[in-house]
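Colleague: show me how the following folds:
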Amino acid sequence: MELAVHLRDAVALLGRFPALAGADLDVARGEVVLLRGPNGAGKTTLLRVCAGLAAVSSGVAEVLGVDLVRHRSAIRRRVGLLGHATYLYDDLTVTENVDFWARAAGAEVADGRRALDRLEVASRLHDLPVHTLSAGQRRRVSFAAMVARRPELWLLDEPHAGLDASGRDIIDGLVREAASVGATVLFASHELDRADDVADRTVEVVGGTVVTAPQDAPPLDAPSPLAAPPSEGVASDA
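Modeller: I've put the predicted structure just below:
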């Protein structure tokens, strides 16, 4: 089995707080894996580690064969992260944003236009600056920018947030399609009814560690017991 993600006893710090506290996780290429757990459990940090955006202070962390402890910047062009930030330039138009991200990944401009069509971003919006769009429209554009890059690993943090039912259906279809052609998808979501239909399996993140989640387990809404106290000023990790 070829692995897209391989973590062993991985530790990542937010300040002095261990947002990941010895996480173990293997994700096979082409697999769709749901991360679930309470706010503050470490899901967002885990995704950012896999994107090469958060440093691993100890342990083993390999993504797409790249050692993230030594060369984490080397992975960034090969993965796509969609989180709470859109990674769009507010003063650029919709097409300028998508074209920029497509070119940055070595893709064709046509890939960006096709991605906008797939996300059903209306053509009347294409020449508008991103800052004029609604939250849902920006979400679709940011997803289109990621799709245009054709990442080998999709890292999605609450991918359905801010979207209507139609937009959520589109996202689910794109995730399934990406996996069918060999991409790997690792995503965090609290919308378990929808997410369970998309995921091949579910893992649970608790207190910065990863455990296998029973498929019939109830939603986790309680705060993580190891979440940083508010007095330390550490942002909540979805």
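
Colleague: low-confidence regions, the protein specifically.
Modeller: Counting by pLDDT under 70, the chain contains low-confidence ranges at 212-238.

Colleague: ok, longest helix in it?
Modeller: Selection of the longest helix in the chain by residue count, based on DSSP state H, yields helix 165-180.

Colleague: what helices or strands is that helix leaning on?
Modeller: strand 32-36, helix 135-148, strand 153-157, strand 184-188, helix 192-198 (3 or more CB pairs under 8 Å, 6 or more residues apart in numbering; DSSP states H and E). To be clear about C-beta, it is placed using only N, CA and C from the backbone, and glycine gets the same treatment.

Colleague: could you list the buried residues of that helix?
Modeller: Of the residues in helix 165-180, Gly167, Arg168, Ile170, Ile171, Asp172, Leu174, Val175, Ala178, Ala179 count as buried by neighbour count, 16 or more other CB atoms under 10 Å.

Colleague: how much space between Pro151 and Asp111?
Modeller: Summarising the geometry, the distance separating Pro151 from Asp111, computed by CB to CB, to the nearest Å, is 12 Å.

Colleague: please disregard the earlier target; I meant Arg176.
Modeller: According to CB to CB, Arg176 and Asp111 sit 19 Å apart.

Colleague: more neighbours: which of Pro151 and Asp111?
Modeller: Counting neighbours by other CB atoms under 10 Å for Pro151 and for Asp111 shows that Pro151 has the greater number, 23 against 20.

Colleague: please, where are all the helices along the chain?
Modeller: Residue ranges of the helices in the chain, as given by DSSP H, are 43-50, 68-71, 94-104, 109-118, 135-148, 165-180, 192-198.

Colleague: format those as CSV; extra columns: distance to Ser58.
Modeller: Formatted as CSV, the entries for the helices of the chain read as follows, by distance: least, CB to CB, whole Å:
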stretch, distance to Ser58
helix 43-50, 12
helix 68-71, 8
helix 94-104, 31
helix 109-118, 38
helix 135-148, 30
helix 165-180, 31
helix 192-198, 31
